[in-house]
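Novice: Quick one: sequence plus predicted model below, questions after.
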Amino acid sequence: MKLPSTRATATATTVLALLALSTACNRESGDSTSAAGNDKPAIGIDLPRSDTDFWNSYAQYLKKDIKTDGLNALPISNSQNDVTKLVANVQVFENTGAKAVVMAPQDTGAIVSTLDALAAKKIPVVSVDTRPDKGDVYMVVRADNRAYGTKACEFLGKQLGGKGKVAEFQGALDSINGRDRSEAFADCMKTKFPKIKIFELPTDWKGDVASAKLQSLLAQHPDLNGIYMQAGGAFLQPTLALLEQKGLLKPAGEKGHISIVSNDGIPQEFDAIRKGQIDATVSQPADLYAKYALYYAQAAAEGKTFKPGPTDHDSTIIKLPNGLEDQLAAPLVTKENVDDKTLWGNSVSQ
């Protein structure tokens, strides 16, 4: 028998080491949650990013629910808003026996081929917060994002008395969430508050981009009196810092206050509402996203099916061209209900 050369052996060892390192770089340290001897089907879970308070809260709820429910979760990965990392992480799930996959693709068009590949292998997918443009999904766990834009418009329009100038921090428009919120906000403003001028500022969900664009806009329009932030987790801190720097962070009720409506429902937004720094937010249910993502992933792995219609958890399942979507409730939060203990933002650690 011919033995491999020392050089060939060393090369193979190096390649294997690099592959292991590459995989480890995309894993969340300490997140191996699969219990020894757990006979439940394995579930692969990818976190979409860790640069916003909302997604970090979602990650906390996931880990808590996995432990509480005794689920067989593979080591959690984090694709860090990079679709190529998401694709690589999903391949690791496939290779390690995942019977269902939970993901939250930030680019809802680029993930189609991966969804097709999973469907071919009969591995069902639960998509959280974002709805893939195409490709089979077992269930999308998401709130009605058009309602986010409409609620923000209606509240802000009334706050401004139907006239003024509003900066809109749009999320990434290659994401269905960014498109839904932007389109609904624009439609509502055009129909109900035509005297309000909207300045649409695409940001790709990046706080520094929003802050830079707001600074330029304020230089041109110092009479700006409203802001709609499509993601408080990304935009809140840089926005408040800029307004404070310019002496424009006036509390609600004071002359010169800039009315601000946000989306997310993180604790920091609630604190800002209490202080009068912002006026409202739409609470995106991070706790329910985690709970029902895992619920549907487990059900999918066990071969269960669902139909459109009302659920037993105050939501509605709707039919999509490529699957189903459970539209969870997302309430508007203002100073009147900001201390409501049922809001997840009042129970998660900051």
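Specialist: That came through, no problem.
Novice: quick one: residue 98 and residue 114, what's the gap?
Specialist: The gap separating residue 98 from residue 114 is 13 Å, by CB to CB, to the nearest Å. C-beta: built from backbone N, CA, C; applies to glycine.
Novice: Give me the more crowded residue out of those two.
Specialist: A count of neighbours by other CB atoms under 10 Å puts residue 98 above the other of residue 98 and residue 114, at 25 against 22.
Novice: confidence score at the residue nearest to that one when sequence neighbours are not counted?
Specialist: Among residues not flanking residue 98 along the chain, residue 44 sits closest, at 3.7 Å (CB to CB, 6 or more residues apart in numbering). pLDDT for residue 44: 98.
Novice: Then residue 133?
Specialist: At residue 133, pLDDT is 88.
Novice: give the contact list for it.
Specialist: 108-109, 112, 176 (CB atoms under 8 Å, 6 or more residues apart in numbering).
Novice: which one of these sits closest to residue 259?
Specialist: residue 176 (27.1 Å; CB to CB).
Novice: wait, the closest one sits on residue 108?
Specialist: Yes - contact criterion CB atoms under 8 Å: residue 176 and residue 108 qualify, at 5.0 Å.
Novice: Give me the common contacts of these two.
Specialist: Counting by CB under 8 Å, 6+ apart, the residues touching both residue 176 and residue 108 are 130-131, 133.
Novice: Closest to residue 204 out of those residues?
Specialist: Among the shared contacts of residue 176 and residue 108, and counting by CB to CB, the member closest to residue 204 is residue 130, at 14.3 Å.
Novice: average model confidence for stretch 234-242?
Specialist: 97.
Novice: Mind listing what's buried along that stretch?
Specialist: 234-236, 238-240, 242 (16 or more other CB atoms under 10 Å).
Novice: show me what contacts residue 267?
Specialist: For residue 267, counting by CB under 8 Å, 6+ apart, the contacting residues are 53, 345-346, 348, 350.
Novice: Residues touching the stretch of helix or strand residue 317 belongs to, excluding its own?
Specialist: Using DSSP states H and E, the element containing residue 317 is strand 316-320. Strand 316-320 is contacted from outside by 131, 137, 139-140, 306-311, 324-327, using CB under 8 Å, 6+ apart.
Novice: now those residues as TSV including neighbour count, distance to residue 268 and secondary structure?
Specialist: Below are these laid out as TSV (neighbours: other CB atoms under 10 Å; distance: CB to CB, whole Å; DSSP: H, G, I helix; E, B strand; the rest coil):
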residue	neighbour count	distance to residue 268	secondary structure
131	20	27	coil
137	26	31	strand
139	25	30	strand
140	25	27	strand
306	14	35	coil
307	7	39	coil
308	12	36	coil
309	9	36	strand
310	9	33	strand
311	13	30	coil
324	17	33	strand
325	21	28	strand
326	23	27	strand
327	17	26	strand
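Novice: what's around residue 147, how many residues?
Specialist: Neighbourhood size, residue 147 [other CB under 10 Å]: 17.
Novice: Revised request: answer the last question for residue 107.
Specialist: 17.
Novice: What of residue 317?
Specialist: When counting by other CB under 10 Å, one arrives at 17 neighbours for residue 317.
Novice: Contact partners for the residue minimising distance to the centre of the chain?
Specialist: Centrality entry for the chain: nearest residue to the mean C-alpha point is residue 129, 5.3 Å, by CA atoms, centre = their mean. Residues near residue 129 by CB under 8 Å, 6+ apart: 48, 104, 141-143, 177, 284, 289.
Novice: and residue 54, that one's in a helix?
Specialist: Yes - Residue 54: assigned to a helix according to DSSP: H, G, I helix; E, B strand; the rest coil.
Novice: Ignoring the adjacent residues along the chain, who's closest to it?
Specialist: Excluding its sequence neighbours, the residue lying closest to residue 54 (CB to CB, 6+ apart) is residue 233, at 3.8 Å.
Novice: do the same with residue 86
Specialist: Take residue 86 and drop its neighbours on the chain: the residue closest to it by CB to CB, 6+ apart is residue 79, 3.8 Å away.
Novice: So residue 169: helix, strand or coil?
Specialist: With three-state DSSP as the criterion, residue 169 reads strand.
Novice: If anything else comes up later, I'll come back, but that's it for now.
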